[in-house]
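Chemist: I would like the atomic coordinates for the input below:
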Amino acid sequence: MQTSYKTVYTGGTGEIIEKKSRFIATVIPIKSEEEALSFIEQMKKKYWDASHNCSAYVLGLNQELQRCSDDGEPSKTAGRPMLDVLLGEGIHNTAVVVTRYFGGTLLGTGGLVRAYQSTAKEGLANSVIIEKHLGKQYEITTDYNGIGKLQYIAGTMNLTIISTDYTDIVKATLLIPPDSLGAFQKKVTEATNGRANMEELEDVYYAFLDQEILIENA
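Modeler: Numbers count the residues shown, from 1 in each chain. Okay, the predicted model is just below:
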């Protein structure tokens, strides 16, 4: 399973002018091919008077679904260069449309490739990109003496405590990177003399944004 991947959290736009041709990039996160196709159609309706609305999108943890369109531009001068930008940046689950208003001057094959790539990069630069990491959720059940030790271990290992429920016992849910799991289990067992119960929950992908944790099922 992929241990980490980059994706767009909130989309952005970017624009460049090349020999009086106007290029406008619009970037969004997507969860399905249907979302990507719907987005492309929306851009074609929004920029109905444009010369071209070229597109590219990638889906899947391994970028297994890749699609692009030149929308009337010479073959492989628009959609493929835009797709190469997404792949080169390691971006997943993202779609980009670059709209062109023709300025009257032909750019040539190389000029078109550079213009569409530069515009796609500008759109990504103005988007919020996050890196999601694979994590294991564990629920630790312990007594009030054990929770202090658990919090100390989490602090020294830089682990995130998602929630803590205090009743007659304490239940804490932690997010643990796979490569830290063995060390964490050993430390908790030693610190609580084996009295803490550790229950594995579902795997998730998580990211931090402005001190907020974002979690989705793996």
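
Chemist: what's the spacing between residue 108 and residue 101?
Modeler: 18 Å (CB to CB, to the nearest Å). Every C-beta, even on glycine, is put in place using the N, C-alpha and C of the backbone.

Chemist: equivalent analysis for residue 164, please.
Modeler: 55 Å.

Chemist: which of the helices or strands spans residue 120?
Modeler: helix 108-125 (DSSP states H and E).

Chemist: buried residues of that helix, list them for me.
Modeler: 112-124 (16 or more other CB atoms under 10 Å).

Chemist: now those in JSON lines, with pLDDT and distance to residue 33?
Modeler: Output for the buried residues of helix 108-125, formatted as JSON lines (pLDDT from 0 to 100; distance: CB to CB, whole Å):
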{"residue": "112", "pLDDT": "97", "distance to residue 33": "26"}
{"residue": "113", "pLDDT": "97", "distance to residue 33": "25"}
{"residue": "114", "pLDDT": "97", "distance to residue 33": "28"}
{"residue": "115", "pLDDT": "97", "distance to residue 33": "27"}
{"residue": "116", "pLDDT": "98", "distance to residue 33": "21"}
{"residue": "117", "pLDDT": "98", "distance to residue 33": "23"}
{"residue": "118", "pLDDT": "97", "distance to residue 33": "26"}
{"residue": "119", "pLDDT": "98", "distance to residue 33": "23"}
{"residue": "120", "pLDDT": "98", "distance to residue 33": "19"}
{"residue": "121", "pLDDT": "98", "distance to residue 33": "24"}
{"residue": "122", "pLDDT": "97", "distance to residue 33": "25"}
{"residue": "123", "pLDDT": "98", "distance to residue 33": "20"}
{"residue": "124", "pLDDT": "98", "distance to residue 33": "20"}
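
Chemist: between those residues, which sits nearest residue 191?
Modeler: Nearest to residue 191 out of these is residue 124 (CB to CB; 44.5 Å).
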